[in-house]
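In: I need the structure of the sequence given here:
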Amino acid sequence: MLVVPAHLIEQMNTHVEKAYPEEGAGFLIGEAGEVKEILALANSREDGARHNRFLFTPEDYLQAELKADELGLSLIGVFHSHPDSPNIPSEYDREWAQPFFSYIITRVDNGRAVNNRSWRLLEDRSKYEEEKIEIV
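Out: Numbers count the residues shown, from 1 in each chain. Alright, predicted model coming up:
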C-alpha cells in the first residue's frame with residue numbers, strides 16, 4: 001500500500017492537467033510506503049513524443065535526490081500521466097521502471113485528472129502489480 005496525503009494528490013493532478021495533452025511527470029519522495037513530498041518536473045522528451053512518453057534528465061534525477069536528502073527522505077517512486085488513455089503501465093513503462101519504486105499513473109481525459117492508480121514492478125521485471133493507494 002502507498003499512503004499519499006490528499007494535498008499531494010491534488011498537486012500531482014494539477015501538474016499533469018497543466019501538461020495535457022502531453023504527459024506530465026515527477027518524483028515521489030518519502031519513506032516506508034508513504035509519500036511526504038513530490039517534485040514535479042518538466043517533460044524533457046523531444047517535441048512530438050511528449051503525448052505518450054516522458055523523460056527525466058540526469059539533472060532532474062540529481063535534483064530529486066538532493067531534495068530527498070535535504071528532507072532526510074528517499075526517492076520512492078515516480079508519478080506520470082496517460083493523456084486520454086488507461087492508467088495502466090505500458091510496455092515502455094515496464095522497460096524503464098525500477099522494481100523498488102511505486103509508479104502512480106494518472107489518467108487525464110480532456111485535460112482533467114480522473115483517476116490515480118499505483119503500480120510496482122516485480123523484482124524479476126516480468127510485470128507490474130497494482131498497489132492500493134490510501135489517500136489521507
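In: give me phi/psi at Ile9?
Out: Main-chain torsions, Ile9, degrees, to the nearest 10: phi -60, psi -40.
In: Surely it is in contact with Glu134?
Out: No: look at Ile9 against Glu134 with Cβ atoms under 8 Å: they stay out of range, at 10.8 Å. All C-beta spots, glycine's among them, are computed from the backbone N, C-alpha and C.
In: and Tyr92, what pLDDT?
Out: Note for Tyr92: predicted pLDDT of 85.
In: should've said Pro21
Out: Pro21 carries a pLDDT score of 94 in this model.
In: Skipping its backbone neighbours, what lies nearest it in space?
Out: Of all residues not flanking Pro21 in the chain, Pro83 sits nearest, at 5.1 Å (Cβ to Cβ, 6 or more residues apart in numbering).
In: any idea how far the one you found lies from Phe54?
Out: Per Cβ to Cβ, to the nearest Å, Pro83 is found 11 Å from Phe54.
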